[in-house]
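Enquirer: any chance you could fold what I've pasted below:
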Amino acid sequence: MEKKLFPFHEIKQKMVNYCVYQDRCHKEVEQKMWEFTLIPEAKEEIILYLMKENYLNEERFTRSYIRGKFYMKSWGRNKIRQHLKQKGITEKLIQKCMDEIDVDDYATTLKKIATNYAAQQKGLQNYQKKIKTTRYLLSRGFEYDEILEVLKEQE
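Expert: Residues are numbered from 1 along each chain as shown. Now for the predicted structure:
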């Protein structure tokens, strides 16, 4: 891939715009900078500038990501955690920010998804429905213990 040549101040402005459009993590910003021909010192200077001016804020990104994936896509904590780790976010920061998900909202969402999915399973014995529903909820990132609790309530 051909790297693009721009003056330093233009690249810096492009990176500001990239961060203003949506919260980003360090890894995403570094990947974006690969598109440009920059020496390591220039990349470092841009990242430090973005952090100093609060365009790049790992905690804000993590909180926003958690809210978005839970409230918009109904992902469970495990799936959210896994995707954040892939983005280079530390376990400590993920743990700190998980309070973005309201406990009651989490339980309600889990019950709703379990009920809807189980209702779609036609022509299956109860134990088969339970197995399929459990697998589905695990794939959505919900915790096994919480899934079992919800399925027990629905029996």
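
Enquirer: helices along the chain, start to end?
Expert: With helices called from DSSP state H, the chain shows them at 8-21, 26-33, 40-52, 58-71, 77-86, 91-97, 103-120, 126-139, 144-154.

Enquirer: tell me the most buried of these?
Expert: Mean neighbour count (mean count of other CB atoms under 10 Å) peaks for helix 58-71 among the helices of the chain, with a mean of 18. From N, CA and C alone the C-beta is placed, and that goes for glycine too.

Enquirer: contacts for that helix, please.
Expert: 23-26, 75, 79-80, 83-84, 87, 89, 93-94, 96-98, 100-101, 105-106, 109 (CB atoms under 8 Å, 6 or more residues apart in numbering).

Enquirer: also stretch 49-57?
Expert: 12, 15-16, 19-20, 23-24, 26, 29, 47.

Enquirer: including distance to I39 and pLDDT, could those go into CSV?
Expert: Converted to CSV, the contacts of stretch 49-57 look like this (distance: CB to CB, whole Å; pLDDT from 0 to 100):
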residue, distance to I39, pLDDT
K12, 14, 93
M15, 15, 94
V16, 19, 95
C19, 21, 94
V20, 25, 94
D23, 27, 93
R24, 22, 94
H26, 18, 93
V29, 16, 94
I47, 13, 95
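
Enquirer: out of those residues, give me the two with the largest separation.
Expert: K12 and D23 (18.5 Å; CB to CB).

Enquirer: could you check the pLDDT of N126?
Expert: We have a pLDDT of 86 for N126.

Enquirer: now do the contacts for it.
Expert: E155.

Enquirer: distance check, it against L137.
Expert: As judged by CB to CB, to the nearest Å, N126 and L137 stand 16 Å apart.

Enquirer: N116 too?
Expert: Taking CB to CB, one finds N116 at 11 Å from L137.
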